[in-house]
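>>> let me see the structure of the following:
(one chain, ligands or ions: 1)
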Amino acid sequence: MKVTEYIKKAEKTLFSFEILPPLKGQSLSNLLEGIAPLMEFKPPFIDVTYHREEYIYKKHANGLLEKVATRKRPGTVGICAAIMNRFKVDAVPHLLCGGFSKEETENALIDLYFIGVENVLALRGDAPKTEASFVPHKDGHRYASDLVGQIVGMNHGRYLNDETEVGFRTDFCVGVAGYPEKHFEAPSLNFDLKKLQAKVDAGASYIVTQMFFDNKKFFAFVEKVREMGIDIPIIPGLKPITTLSQIVNLPKIFYLDLPDDLLAGLEKCKNNADVKELGIEWAIQQSKELVAYGVPTLHYYTMSRADATYRVAKEVF
Ligand code: FAD
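This is a model prediction of the structure:
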């Protein structure tokens, strides 16, 4: 079923979460066992992230270095099939512009539709660590709005190199990313919101936000989005902080602020165990306030580790 249909039918706030495919060479069973406890909260859908290629330099006998593309976390399509089969819930694969040609995207979408996937989250992706800024694939898309356009085109029977004939119509529900604290490359929040509008105009049906720790920022974001006339569901993304290193890394990686009162508490923590307790408590309070505000779904970034999210959900759902 479509994410938007779940939301329409729901009588209360839904619980959903995101997982990462395991690293290449690792088994899927650990991941599936790890997330099994979260099924208690009846998630209607589970997101599966996608990961573009990264580069390694292979040294040859003659001393020359060869740049080789490698995918550290392959398998998003297969994991979606495994999740749907094992837990009987919908899987929402993320699809990226970066690192993929339009043809690869078309083929992935055909495969996803064949296995029964009805929702996708359309994203641009980031530059690989070895590159300073995002460069689109030479036959790919530059912005997520273009990717949304391709997916929606297939919903209308439009395939690449087949402009004249109407093909089989897929029926994907397309989600896109939103940034309550603005995307790091955008010169202003208003600029970023106009680009969010472009994704909606291209056919996106719902928005999932980047994680945030200050609900006031989310409420202000929703207000601005609604003022623009965008009325599709906005799903907040949440993550319980669990380690000391995340206090530095989350703001650095995701370009977000930690509120002063959370920081004051975190600064008093002596070890990861203290941080985890505080992070879980903060996420519980954040979640409860968001439920009272009337969000359609609380979406947790589990990073494939279920225990902190489980404890939050136990208090909230
Ligand atoms: P876009 O919407 O294309 O925006 C990117 C930037 O370009 C923004 O600054 C925007 O303001 C600007 N922009 C957009 N359109 C235009 C235009 N026409 N002209 C000029 N500027 C423009 N990354 C992964 O690699 N894998 C994942 O699975 C993944 N999942 C994610 C899930 C969520 C919910 C979120 C919030 C992010 C996720 N990301 C993932 C990270 C995401 O790929 C990055 O944040 C990326 O930098 C931006 O993606 P986007 O889809 O928001 O891009």
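
>>> return stretch 160-172 as CSV; C-alpha atoms alone will do.
Provided in CSV are the C-alpha atoms of stretch 160-172 (Å, rounded to 0.1, in the frame of the first residue of the first chain):
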residue,chain,number,x,y,z
LEU,A,160,13.5,6.4,-21.7
ASN,A,161,14.0,6.1,-25.4
ASP,A,162,10.4,5.2,-25.8
GLU,A,163,8.9,8.7,-26.1
THR,A,164,6.2,7.9,-28.6
GLU,A,165,4.6,4.8,-27.1
VAL,A,166,2.8,4.7,-23.8
GLY,A,167,4.2,1.7,-21.9
PHE,A,168,3.1,-0.1,-18.8
ARG,A,169,2.2,2.4,-16.1
THR,A,170,3.9,1.9,-12.7
ASP,A,171,2.1,3.4,-9.7
PHE,A,172,4.8,4.6,-7.3
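
>>> can you point out the buried residues in that stretch?
170, 172 (16 or more other Cβ atoms under 10 Å). For glycine as for every other residue, the C-beta is placed from the backbone atoms N, C-alpha and C.

>>> one more: stretch 108-121?
Across stretch 108-121, burial judged by 16+ other Cβ under 10 Å covers 108-109, 112-113, 117-121.

>>> try stretch 43-55
So for stretch 43-55, counting by 16+ other Cβ under 10 Å, buried means 43-52, 54.

>>> so it, near the ligand or not?
Yes. Using Cβ under 6 Å from any ligand atom, stretch 43-55 reaches the ligand at 49-52.

>>> just stretch 146-163 next, same as before
No. For stretch 146-163, no contact with the ligand is found by Cβ under 6 Å from any ligand atom; the gap never falls below 7.9 Å.

>>> circling back to that earlier point, which of the buried residues of stretch 43-55 sits closest to the ligand?
Checking these against the ligand by Cβ to the nearest ligand atom gives T49 as the nearest, at 3.2 Å.

>>> am I right that I235 sits in a helix?
No. Per DSSP: H, G, I helix; E, B strand; the rest coil, I235 lies outside any helix segment and is strand.

>>> quick one: contacts of the longest helix seen in the chain?
The longest helix of the chain (DSSP state H) is helix 272-293. Contacts of helix 272-293 from elsewhere in the structure, counted by Cβ atoms under 8 Å, 6 or more residues apart in numbering, are 12-13, 213, 215, 218-219, 236, 238-244, 246-247, 262, 265-266, 268-269, 298, 308, 311-312, 315-316.

>>> could I have the buried ones of those residues as PyMOL selection syntax?
In PyMOL, this line selects whichever of these come out buried by 16+ other Cβ under 10 Å:
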select buried, resi 13+213+215+218+236+238+239+240+241+242+244+246+247+262+265+266+269+298+308+311+312+316
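
>>> on that earlier part again, next step: the buried residues of stretch 108-121 restricted to strands.
Counted as lying in strands by DSSP state E, out of the buried residues of stretch 108-121, are 119-121.

>>> which among those residues gets closest to the ligand?
Taking those together and measuring to the ligand by Cβ to the nearest ligand atom, the closest member is L121, at 6.0 Å.

>>> residue contacts, that closest one?
L121 makes contact with 47, 92-95, 174-177, 208, according to Cβ under 8 Å, 6+ apart.

>>> pretty sure I56 sits in a strand.
Yes. Per three-state DSSP, I56 lies within a strand segment.

>>> do you know the pLDDT at it?
I56 is assigned a predicted lDDT (pLDDT) of 81.

>>> tell me what it is bridged to.
V68 (DSSP bridges).

>>> what's the neighbour count on it?
I56 sits with 13 neighbouring residues when counted by other Cβ atoms under 10 Å.
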